[in-house]
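> Provided below for reference: sequence and predicted model.
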Amino acid sequence: MSGETRRKQIVQLLSQSEKPIPGVTLAEKFQVSRQVIVQDIALIRANGVDIFSTNRGYLVHQQTQQVSRVFKVMHEDEDVEDELSTIVDYGGQVKDVFVYHKVYGVVRAELNIKSRIDIVNYLKEIRSGKSSLLKNVTSGYHYHTILAETETLLDLIQEKLQEKGYLAKLQDYEPVDFWSKAE
C-alpha cells in the first residue's frame, strides 16, 4: 500500500470514529511502525485536515456545518461596534469585510469575528493604527459575509440589522445579488 493511500484511509477512519484512535492501533492496522503513523499524521495536518492528538489517540475535529449570507451595510464609524455586536449576539460570525470599488473591484479583508472580545480586539487594532476602516473608501458602504448555524439565525440577523438601519440597498452597477440566500 502506498503512503498516500494509507493516509487517505487514516483520514477516513478518524473521520468516522466518535472516539480517538491510538497511534499503536493505526500502526497495527496498516502494518507500519508507530513512527510512520506520526509522520503520516503530520503530512495529513499539513494538507489541511484538523487532527487532534489526545492522550488516547488521534481524532479528526468535526466542524459543524454552517450557512452563509452576504449583507450590504452602511453606517457611521461610531456604529461599527453596535453593528458587529448585533451580528455576534444573534449567533453570527463575521467572516470578512469587503467593498465593491468602481475602479479597483472587490477589496476584501478577513475578520473572523465570533465574539464581543473579538470585536474589542478588532476595534483596538483599528484605533491604534494609521489605517481607517475599509468602508471609508466607498462612503460607508461595505459588505460582510456572515456565517451561522442555520438560515433562521441569518434571517434574524438580517431583521435586526434592518431594524437598526444598517442594511443598504443594492445599486445597478453591483455585480451580484448579495441578498440571495442561494450560493
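All right, it came through fine.
> may I ask which helix or strand of this protein has the lowest mean pLDDT?
strand 51-54 (a mean of 86; mean pLDDT, DSSP states H and E).
> what packs against it?
helix 34-46, strand 57-60 (3 or more C-beta pairs under 8 Å, 6 or more residues apart in numbering; DSSP states H and E). Bear in mind the C-beta positions are built from the backbone N, C-alpha and C, glycine included.
> in that strand, what counts as buried?
Within strand 51-54, the residues scored as buried using 16 or more other C-beta atoms under 10 Å are residue 51.
> need the residues that contact it.
Strand 51-54 is contacted from outside by 14, 20, 41, 44-45, 58-61, using C-beta atoms under 8 Å, 6 or more residues apart in numbering.
> let's go with 10 Å and repeat that
With contact meaning C-beta atoms under 10 Å, 6 or more residues apart in numbering, strand 51-54 is reached by 10-11, 14-15, 19-20, 22-23, 38, 41-42, 44-45, 58-61.
> circling back: determine which stretch of the helices and strands packed on strand 51-54 is the most buried.
Compared across the helices and strands packed on strand 51-54, strand 57-60 shows the largest average neighbour count, a mean of 20 (mean count of other C-beta atoms under 10 Å).
> name the helices or strands packed onto that strand?
helix 3-16, helix 23-30, helix 34-46, strand 51-54 (3 or more C-beta pairs under 10 Å, 6 or more residues apart in numbering; DSSP states H and E).
> for the longest one, which outside residues touch it?
Yep, that's helix 3-16 we're talking about. Counting by C-beta under 10 Å, 6+ apart, residues outside helix 3-16 touching it are 1-2, 20-21, 25-26, 29-32, 36-37, 39-41, 43-44, 47, 49, 51-52, 57-62.
> partners of the helix or strand hosting residue 97 in the sheet?
In this structure, residue 97 sits in strand 93-101 according to DSSP states H and E. Here strand 93-101 is paired, per DSSP bridges, with strand 105-113 (antiparallel), strand 141-148 (antiparallel).
> residue 96: what's it in contact with?
Neighbours of residue 96 in contact, by C-beta under 10 Å, 6+ apart: 70, 108-113, 134, 143-147.
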